[in-house]
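> after the sequence you'll find the predicted model.
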Amino acid sequence: MKLPPIEARLAGNRFVLDEEESHIEIDQELARSTGTAERIIACCPAGVYSRRPDGEVAVEYAACLECGTCLAVSSPGALRWRYPRGGFGVQYREG
Amino acid sequence: MSAEPDFDVIVVGAGVAGCITAYQLAGRGLSVALIDRGETPGAKNLSGGVLYTHPLQQVFPDFLQTAPIERRISRNQICFLNQDSSVAIDYRDARLDRDGTAVSVLRGRLDPWLAERCEDAGVLVMPGVRVDSLLIEDGRVVGVVAGEDELRARVTVAADGVNSFLARDAGLRPAPQPHQLAVGVKAVVQLPSDIIEARFGVDALEGAAIAVVGDCTRGVGGGGFIYTNQGSISVGVVLRLDDLTAKGLRSTEVFDGFLDHPYTERLLRGGELLEYGCHLVAEGGQAMVGELVHHGLVIVGDAAGMTINTGLTVRGMDLAAGAAIAAAVGVAEAIETGDVTAAGLAGYPKALAAGFVGQDLQTYARAPKFLENPRMYESYGPLLADALHQVFGLDGSARKPLRRVAMDALKGSGIGVGTIVKDAWQGARAL
């Protein structure tokens, strides 16, 4: 079966958005120089990371499924990734 | 002198490992808090979905009757999937159904049930709270920090999942390497029960689990899975991170390709997406487990890298439950004797090593290395299909005896006989 694009795919999930705080911070300089940018854009199953026209990495933290794959493929220091604050973020109903 | 503890035990993470540790310790009369960052317990949790039940039956004798299980897995298939062909082993056994050996589960239902059992046993369940770090004084873990709050306990149980931030941040566990991790990408697809039963050839309440290797991951180390739930299918891929990044593929493109492959498409046709999720999977086996106890701290389940992938069976939840049973023994002993040092908590690793978790981790210690062999994902599927095509693909040309068929397929595959013998030997040793 063909699934819709990521954004529509995530629309069926339940998210509690933390409007005050992003749990992801990226060091653009290090992300570029270490190749972290390409890796996190390719690996993230939720499409959180994308390339902006200016070459920097855009972070759509609200779509994060909180797996930690991005952190695992990042070079040290390029990404600060933590779980969202308690009660926020994705809330799986099926799991 | 430290402040008086708020609880005997604080468990961080309401997954299988955390819930069962908490349940068992409360059952021994200890005061236990179970903290989870999900809005409700288990809301952050996701599994492929096959649970081997024996340790759960040990803890909850009524598990098969009362837990929210989806289907009893009585049919297992292992399938080499190529672009235009597939070769599978199909194993069906009434004993698996009778014993409820393995069941499909959805964590969104299983984990709230586990947390409820914890509450019934007297555990204080605290959902919606993120633990930020361990509370450490003089090199001893004395509790946890959550926002402005400090909560103290005699023993803290890190059941915080595969990312294992609590132990890692405290310098008690190394960060896992990309070859020890895989990303699992999963969809839950809704289908009527009768259609599921017809497509997968199972009776009501019975289910099938299909493990897929090959084209489903575009040759990336890992595999695909298709599991039947009561009214839905769990379908996904697991991709080893070192190989995924080396091949430069997108996880979503591999996943989408698998769902759109004719093999998968026929099983999912007409279904509706219920939920899309992902989870990091520990693939390192025994080499990844490391130190399980520190002063005032024990580490259980995924947080300790406890998974076994043999290529045939993929196990995490049963190991988490087994570790929880062992941890409860060690923690209760330590609190009883008043010695919560690593030495005082040593009953946990000892019980673990003596039980099925330690023994199976040992038995399959070579499996991760074997499964890094790229021929598993690229070569053997086409080889099998080519050999079978020479048997079944009658086209008027004279047939060859089977030994010639095998040799020709081998030659065509570019894999030498020596390599196959070596792989078979290593497989036999590893699995």
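Yep, it's here. Numbers count the residues shown, from 1 in each chain, chains lettered A, B, ... in the order given.

> tell me how many other residues crowd residue 84.
I went with chain A, as the question did not name one. 23 (other Cβ atoms under 10 Å in any protein chain shown). Glycine gets a C-beta too; all of them are placed from N, C-alpha and C.

> try again with chain B
9.

> get me the contact residues on chain A for chain B.
A:1-4, A:6, A:9-10, A:12-13, A:16, A:38-39, A:41-47, A:65-69, A:71-73, A:82-87, A:89-95 (Cβ under 8 Å from any Cβ of the partner chain).

> point me to the residue of chain A nearest chain B.
A:G95 (3.0 Å; Cβ to the nearest Cβ).

> for that residue, give me its contacts.
Counting by Cβ atoms under 8 Å, 6 or more residues apart in numbering or on different chains, A:G95 makes contact with B:G42, B:N45, B:L46, B:S47, B:L106, B:R107, B:G108, B:R109, B:L110, B:D111, B:E275, B:G277.

> got the phi and psi for residue 81?
Went with chain A since none was named. When read as degrees, to the nearest 10, the backbone of A:W81 gives phi -130, psi 120.

> that was the other one, I meant chain B.
phi -110, psi 120.

> picking that back up, just the ones of the contacts of A:G95 in helices?
B:R107, B:G108, B:R109, B:L110, B:D111 (DSSP state H).

> how close does the first one sit to B:S31?
Applying Cβ to Cβ, to the nearest Å, the value for B:R107 to B:S31 is 27 Å.

> now B:W425
53 Å.

> ok and the residue in the stretch 1-150 of chain B nearest chain A?
B:R107 (3.0 Å).

> same question but for the stretch 301-431 of chain B, I mixed them up
For the stretch 301-431 of chain B, Cβ to the nearest Cβ, closest residue to chain A: B:D302, 11.0 Å.

> tell me the confidence at that residue?
B:D302 is assigned a pLDDT of 97 by the prediction.

> now do the same contact list for it.
Per Cβ under 8 Å, 6+ apart, neighbours of B:D302: B:G15, B:A17, B:G161, B:V162, B:S164, B:A282, B:G316, B:A320.

> cool, and B:L371?
Neighbour list for B:L371: B:G221, B:E283, B:N309, B:G311, B:A430 [criterion: Cβ under 8 Å, 6+ apart].

> again, only this time at 10 Å
Counting by Cβ atoms under 10 Å, 6 or more residues apart in numbering or on different chains, B:L371 touches B:213, B:221-223, B:240, B:283, B:285, B:309-311, B:377, B:427, B:430-431.

> in a markdown table: the contacts of B:D302, plus secondary structure, pLDDT and neighbour count.
Formatted as a markdown table, these follow (DSSP: H, G, I helix; E, B strand; the rest coil; pLDDT from 0 to 100; neighbours: other Cβ atoms under 10 Å in any protein chain shown):
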| residue | secondary structure | pLDDT | neighbour count |
| --- | --- | --- | --- |
| B:G15 | coil | 98 | 32 |
| B:A17 | helix | 98 | 32 |
| B:G161 | coil | 97 | 28 |
| B:V162 | coil | 97 | 23 |
| B:S164 | coil | 95 | 26 |
| B:A282 | strand | 94 | 27 |
| B:G316 | coil | 97 | 26 |
| B:A320 | helix | 98 | 30 |
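
> distance of the residue nearest to the spatial centre of chain A from B:D6?
By Cα atoms, centre = their mean, chain A has its centre lying nearest to A:V48, at 3.4 Å. Noted for A:V48: a distance of 36 Å to B:D6, by Cβ to Cβ.

> cool, and B:F356?
Taken as Cβ to Cβ, the span from B:F356 to B:D6 is 34 Å.

> chain A: helices as residue ranges?
A:6-10, A:28-34, A:36-43, A:69-73.

> got JSON lines for the ones you listed, with mean neighbour count and mean pLDDT too?
What follows is the helices of chain A, written out as JSON lines (neighbours: other Cβ atoms under 10 Å in any protein chain shown; pLDDT from 0 to 100):
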{"stretch": "helix A:6-10", "mean neighbour count": "16", "mean pLDDT": "95"}
{"stretch": "helix A:28-34", "mean neighbour count": "16", "mean pLDDT": "98"}
{"stretch": "helix A:36-43", "mean neighbour count": "22", "mean pLDDT": "98"}
{"stretch": "helix A:69-73", "mean neighbour count": "25", "mean pLDDT": "97"}
